[in-house]
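Asker: following is a predicted model, sequence given first.
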Amino acid sequence: MTAPVLSIERLSVSLPRGGDRPFAVKDVSLEVRPGEVACIVGESGSGKSVTASAVMGLLPEGQLCITEGWVRLVGEELTRANRARLRTLRGSRMSMIFQEPMTALNPVHPVGRQIEEVLRCHRWKGDARKRVLDLMADVRLPDPEKIYHAYPHQLSGGQRQRVMIAMALILEPALLIADEPTTALDVTTQAQILALLKDLRTEHGTGVLFITHDFGVVADIAERVVVMKDGLVVETGTAEEVLRNPRQDYTKMLIAAVPKLVPRPARPGGGKRVLETVGVSKLFREGGILQPHREVRAVDKVDLTLARGETLGIVGESGSGKSTIARCVARLIDPSAGAILIDDEDVAALRREKLRTVRRRVQMIFQDPYRSLNPRRTVGQSIVEGPMNYGASHADAQKRARELVETVGIAGSALDRYPHQFSGGQRQRLCIARALAMDPEILIADEAVSALDVSVQAQVLTLLEDIRDRFNLAMLFITHDLRVAARLCDRIAVMQRGRVVELGATAQIFAEPRHDYTRALFAAIPGRHRWGAAADVRSIA
Amino acid sequence: MANRLSSARMALRNPGVVAGGGILLLLVAMAVVAPLITQYDPTELTPRFRLRAPGGEHLLGTDMAGRDVWSRVAYGARISLFIGFAAAVLALSAGTFVGLVAGYVRAFDGVLMRIMDGLMAIPGILLAIALVSLSGASLGTVILAIFVPEIPRVARLVRSIVLSIREEPFVEAAIGLGTPVRLILWRHILPNTLPALIVQGTYIAASAILIEALLSFIGAGLSPTLPTWGNTIAEGRDVFQRAPWIILAPGAFLAATVLAINVMGDGLRDTLDPRLAKRVGGVAA
């Protein structure tokens, strides 16, 4: 057995007084061996990022400090190391990549120069430029000569993350810490980056500490798994052990909460059709008097139908136009062409007063629960606002709000409190109550569960399903996540570059995806091999 | 997040807010009870007591016309503080209105902001002098001359905040709930601009007090018969070598007032302005 590149023993980091708990992490022990990927997996607030920062010596000074324990990097004790030593080690013996490569790169310097800077800072001797180009080829960046001179904004998200990886690996560090490196990326890009990391750690013999919230990613990449919750290590073991036979209830719960990639059984349809879009397009124009015009066709001739009691999923990656079509239906933006028929009335071109009567029938739930409630108004004020706009008395609206808040599983006393007193999942429930207060016929959920922890996600999905059936709603469910779509949707429309490339019943699409892009999406789902349905495996040619 | 402190309590923990606010409160108290803490009428001419040094019956001495400098300082605080407060409130109101409309109603944005740009192109102090000399110096025109040049800055600030808040999902949700535009502005957008406005207001108040003193000093301000700090300083200019207290006393109060307001403003900015406030919350994961 080889010596570990990183060993953490009984590490505790204290939180400033007045926090939710005295320790950010307590008694954390783990090891990473050369050429091995160890995953720390946990929900928000589990302390997984704090552990990474503690290793790098990047804990915010004066707020978090290591109170106990050891961190050894190839045998060298880090918790006692001085700043100069840590600075030398960072980049040369250990390095880190982050979730958002756009903010991790400096926007005003070409990326090649930024990679080269690492060499210069560590006084590397040799042909720096050649080394950079070699490594850019290593991380499979196309045309390194050209990308060397490119600025971050000229690259795609996946390319930027590859640049970050090149920067991290250029001095052949023993340890690479990856903090949710694929969370901000599209699913097909994520699959490529994961594959790249797997290849690189074998080629370079680097130990990887990989932080993620996604058990699918864990199943794809990890050799060893550390499950964390509330700053404590819940379970440790090889990936095989933990995924196959989780010992702790929390781990079991997390794994069970990952939506299975099994399409829901078909339900009897035949509800009354409430929504039909006919050739809806949306063009965004950029530029003005002095610049040349540039047109972006965000949505291109989309035809969809939706019946009461039915859920239509719109699945696609970023830039596919899935949110734009939702916002057109909700008339938050005006479609450029086409008709939106709600009960056979075209609402695409309605103005002001007429639009008002339509608004109440279409309600929307947004992605970010922290921004979709006004922080300066009580939950009750937010929920009664809609009905009162349409003439309900305050007393009636308040009574109804109380019922609805209880319907979504929150105590009625919540109405007098402010949004910041609730968790993300609770806020999303309150947003659902706000939408229901309008008695809508069509509910649009735009990535409504994407920002939530997986256990909370499962609960909110159940709630959405429940209210759809109880209120006989027609639901338009926008998501990038095929697992979630499989769980909830009766039919799925796959969108790519503004067009619907495939539309059909969920079971049918999962069994026989016809379009290449749909197949690519399926192939890229993390953890597919472990939790994929038989039908899914068949579909991958 | 559950036990987040309210903004007001956060502000009261800031040393700048406490110190600046404390001094300002003392100055306001001094202005309010001026008749009780002074023995002399600030405008009473008593030539036989002219140019008395501080001490004795005249705490801060007397000026060339034998007027009590302490009385003039105390009564002058009334005028200075009132002008600072009034200019801040008026500039904030007008600027907020312009900024809200320009930021939310696309059609008016270009026109309103170009007018604001035009206003900003003229140096504020010149505009103030021009306004005062056109219409004669009274309390009203001096305040007008001071607050009008401040409007564009407030309008720009508010507009920039509106432009970011109008994209927030809770505003889109309100549009979806059928809330009329005026209520969206009033309920959802205006309250979220308040912290930045309060901070901006303190800077306007401080600069208004300075500009008023400057206008008085160059003779373009309020009537010389009024006991403003600027007038008192202007009148002491010729005898500065013999009687420096005539300038130093109101000058010290002027400096203390402006400093107190600015220190309080910096403290409020650190605690209230969400764009600068550090995120307080649980551990990021």
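Answerer: Cool, got the structure.

Asker: alongside chain A, which residues does the stretch 151-285 of chain B contribute?
Answerer: For the stretch 151-285 of chain B, the residues in contact with chain A (Cβ under 8 Å from any Cβ of the partner chain) are B:168-170, B:172-180, B:183, B:187-188, B:191-192, B:282-285. For the C-beta atoms, the positions are set from N, CA and C on the backbone; glycine is no exception.

Asker: pLDDT weak spots in chain A?
Answerer: Within chain A, the ranges that satisfy pLDDT under 70 run A:1, A:19, A:286-293, A:531-541.

Asker: Provide a list of residues in contact with A:Thr67.
Answerer: A:Ser12, A:Val13, A:Ser14, A:Phe23 (Cβ atoms under 8 Å, 6 or more residues apart in numbering or on different chains).

Asker: repeat that with 10 Å
Answerer: Contact analysis of A:Thr67 by Cβ atoms under 10 Å, 6 or more residues apart in numbering or on different chains lists A:Leu11, A:Ser12, A:Val13, A:Ser14, A:Pro22, A:Phe23, A:Lys26, A:Thr79.

Asker: what subset of those residues is also close to chain B?
Answerer: A:Val13, A:Phe23 (Cβ under 10 Å from any Cβ of the partner chain).

Asker: buried subset of the contacts of A:Thr67?
Answerer: A:Leu11, A:Ser12, A:Val13, A:Ser14, A:Phe23, A:Lys26, A:Thr79 (16 or more other Cβ atoms under 10 Å in any protein chain shown).

Asker: now do the residue minimising distance to the centre of chain B against B:Gly56, distance only.
Answerer: The residue lying closest to the centre of chain B (Cα atoms, centre = their mean) is B:Ala205, at 0.5 Å. If you measure B:Ala205 against B:Gly56 using Cβ to Cβ, to the nearest Å, the figure is 35 Å.

Asker: got it, and B:Gly140?
Answerer: Taking Cβ to Cβ, one finds B:Gly140 at 39 Å from B:Gly56.

Asker: run the chain-centre distance for the longest helix belonging to chain B.
Answerer: Across chain B, the longest stretch assigned as helix under DSSP state H is helix B:69-104. How far helix B:69-104 lies from its chain's middle: 5 Å, per Cα atoms, centre = their mean, to the nearest Å.

Asker: got it, and stretch A:260-272?
Answerer: Using Cα atoms, centre = their mean, the offset of stretch A:260-272 from its chain centre is 25 Å.

Asker: next SSE downstream of the worst-scoring helix or strand of chain B on mean pLDDT?
Answerer: For chain B, counting by mean pLDDT, DSSP states H and E, helix B:7-12 ranks last in confidence among helices and strands (a mean of 76). Where DSSP states H and E defines the elements, the next helix or strand beyond helix B:7-12 is helix B:15-32.

Asker: can you give the contact residues for that following helix?
Answerer: B:10-12, B:14, B:37-38, B:73-82, B:84-85, B:202, B:205, B:253, B:256-257, B:259-272.

Asker: gap between A:Leu488 and A:Leu482?
Answerer: 11 Å.

Asker: which neighbours do the two have in common?
Answerer: If you check A:Leu488 and A:Leu482 against Cβ under 10 Å, 6+ apart, the residues they both contact are A:Pro259, A:Gly313, A:Thr506.

Asker: do me a favour and get the end-to-end distance for stretch A:384-398?
Answerer: 6 Å (Cα to Cα, to the nearest Å).
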